[in-house]
Every structure is written in C-alpha cells, then in structure tokens.
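**Student:** predicted coordinates and the sequence they were generated for:
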Amino acid sequence: MDLAALNDIANKMVEKGKGILAADESSGTIKKRFDQINVESTENNRRDYREMLFRSEGMQHVSGVILFDETIRQNAADGTPLIKLIQDAGAVPGIKVDAGAKELAGAPGEKVTEGLDGLRERLAEYHAIGARFAKWRAVIDIAEDIPSQYCLNANAHALARYAALCQEAGIVPIVEPEVLMDGGHDIDRCAEVTEAALDALYAELFAQRVQLEGTVLKPNMVVSGKKNAVQAG
C-alpha cells in the first residue's frame with residue numbers, strides 16, 4: 001500500500017470548489033429515469049447519456065465520478081473509453097462496489113450491506129481499468145427500537161473490511177454509514193444515532209488497520225425524520 005498516493009487521491013477528491021458526481025445508477029434505476037422522459041433504456045442510450053455528462057463544460061467543477069460496473073467498461077461513440085473522458089477532464093474515476101443492503105439475520109427491520117465476496121479480485125480488476133476510489137454505502141434506519149448496536153457493528157465491520165481491501169488495491173475507499181431520513185424521529189435522535197454509527201465505524205477502521213489519511217467519509221445530514229412535524233428552517 002502506497003499511503004502517500006492514497007492521500008494524494010483523497011485530497012484531490014475533496015478539492016475546494018469541486019464535488020463528486022454520482023453516476024453509479026444501476027440499470028434498473030436509470031431505466032426508471034429514462035421511462036419518465038420516454039427514452040428506451042438500451043446500452044447505447046445509457047452510454048450516450050453518460051458520455052454527455054462527461055463531455056460537458058461543467059466537468060471542470062467535478063473532482064471525482066462514481067461509476068457503475070457497466071459504465072466503467074463502456075466506450076464513447078468515437079471509441080474513447082468513458083473512463084478516459086473523466087481522466088482527461090481532470091477528475092478521478094471511481095466505482096460503486098457494494099451489492100446493496102439486505103435483511104440482517106436476527107434483527108427484524110434492520111439491514112446490512114453485502115458485497116465482500118470476491119471483492120479483492122474485483123478491486124484489482126477495477127484498478128487495472130483505471131478506478132482510483134470506490135464507494136460502499138451502509139443504510140441505518142431509525143425506528144422505535146432500532147438501530148441496535150448489533151446492526152451498527154455489523155455494518156461498521158463490513159465497511160472497514162471493504163476499506164482495508166480498497167487500500168490494499170491502491171484504491172481510496174469512500175465510507176458511507178448513512179442514517180436515513182425516513183421516519184418520525186427528531187433531530188436529537190438523528191444526532192445520537194449518527195454519533196453511534198460513526199463511533200462504531202472508526203473503532204472498526206482502527207481495528208482493521210485502515211489508514212485514515214487514505215479514506216474519504218461521506219456522512220449523512222443530521223436532520224429530523226421526514227415524518228416529524230418539526231423540521232429545520
């Protein structure tokens with residue numbers, strides 16, 4: 001692991017005045033968006049849409065782009081790899097690697113993000129293609145008796161395992177323990193759960209020898225639940 005290189009990438013990703021573009025919609029998600037504008041979700045149409053994004057003038061304000069597996073392998077209409085368009089615009093190419101949140105065994109109403117199986121090999125391939133950062137999202141619901149510490153620990157453990165494998169592959173991990181805005185909880189409850197989630201995450205990152213200088217944290221906003229009558233003004 002080259003920590004200096006990882007740190008350089010992480011700093012570039014959070015460069016002042018720029019932001020990270022999330023272009024990692026799954027085929028199912030992008031189909032729903034295309035359906036709204038009566039566009040068929042074919043491979044060529046998806047490619048053309050993403051090529052339009054990556055060739056736009058606004059790319060000078062983008063520090064990194066999160067890609068879906070299909071996109072990182074696609075070429076533009078003229079044969080140029082889409083990942084090269086991103087690099088030529090001065091942005092860092094990244095890849096979503098988690099397999100989504102699934103029911104957590106023994107914890108009704110709670111979820112854990114999957115995708116660790118075969119991750120080392122996938123990261124090696126993505127690095128060879130040109131990806132230099134990755135994203136993994138954990139989802140944490142707030143309700144009457146959740147989240148449990150078990151759920152927080154399970155997701156923190158998975159995030160840290162993913163982060164360690166990323167750094168081994170020369171890839172900067174974005175770690176995202178997202179406390180969802182659904183529900184009727186107040187802002188204080190959101191703050192309490194967010195703090196607990198971050199505590200669990202950083203304990204696991206330390207335990208699994210992840211170098212924080214080579215990571216990027218994507219935190220949630222601390223806000224009241226959507227169903228709460230009191231909202232921040």
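**Tutor:** Great, that's in hand.

**Student:** just list the residues touching the nearest residue to residue 207 once chain neighbours are set aside, thanks.
**Tutor:** Excluding the flanking residues, the one nearest residue 207 by CB to CB, 6 or more residues apart in numbering is residue 160, at 7.0 Å. Just so you know, the C-beta spots here come from the backbone N, C-alpha and C atoms, and that holds for glycine as well. Contacts of residue 160 were listed using CB atoms under 8 Å, 6 or more residues apart in numbering, and they are 175, 201, 204-205, 207-208, 210.

**Student:** state the helix or strand in which the closest residue to residue 18 other than its chain neighbours lies.
**Tutor:** Computed as CB to CB, 6+ apart, the closest residue to residue 18 that is not its neighbour in sequence is residue 63, at 3.8 Å. Counting by DSSP states H and E, the element that carries residue 63 is strand 62-67.

**Student:** and that strand, what does it pack onto?
**Tutor:** Of the remaining helices and strands, those touching strand 62-67 by 3 or more CB pairs under 8 Å, 6 or more residues apart in numbering; DSSP states H and E are helix 3-13, strand 19-23, helix 82-88, strand 92-96.

**Student:** tell me the buried residues in the stretch of helix or strand residue 199 belongs to?
**Tutor:** Using DSSP H and E, residue 199 falls within helix 187-207. Residues of helix 187-207 classed as buried by neighbour count (16 or more other CB atoms under 10 Å): 187, 189-190, 193-194, 196-198, 200-202, 204-205.

**Student:** columns mean neighbour count, mean pLDDT and distance to residue 76 on top of the helices and strands packed on strand 62-67, output as JSON lines?
**Tutor:** Formatted as JSON lines, the helices and strands packed on strand 62-67 follow (neighbours: other CB atoms under 10 Å; pLDDT from 0 to 100; distance: least, CB to CB, whole Å):
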{"stretch": "helix 3-13", "mean neighbour count": "16", "mean pLDDT": "98", "distance to residue 76": "23"}
{"stretch": "strand 19-23", "mean neighbour count": "17", "mean pLDDT": "97", "distance to residue 76": "14"}
{"stretch": "helix 82-88", "mean neighbour count": "19", "mean pLDDT": "98", "distance to residue 76": "6"}
{"stretch": "strand 92-96", "mean neighbour count": "25", "mean pLDDT": "99", "distance to residue 76": "14"}
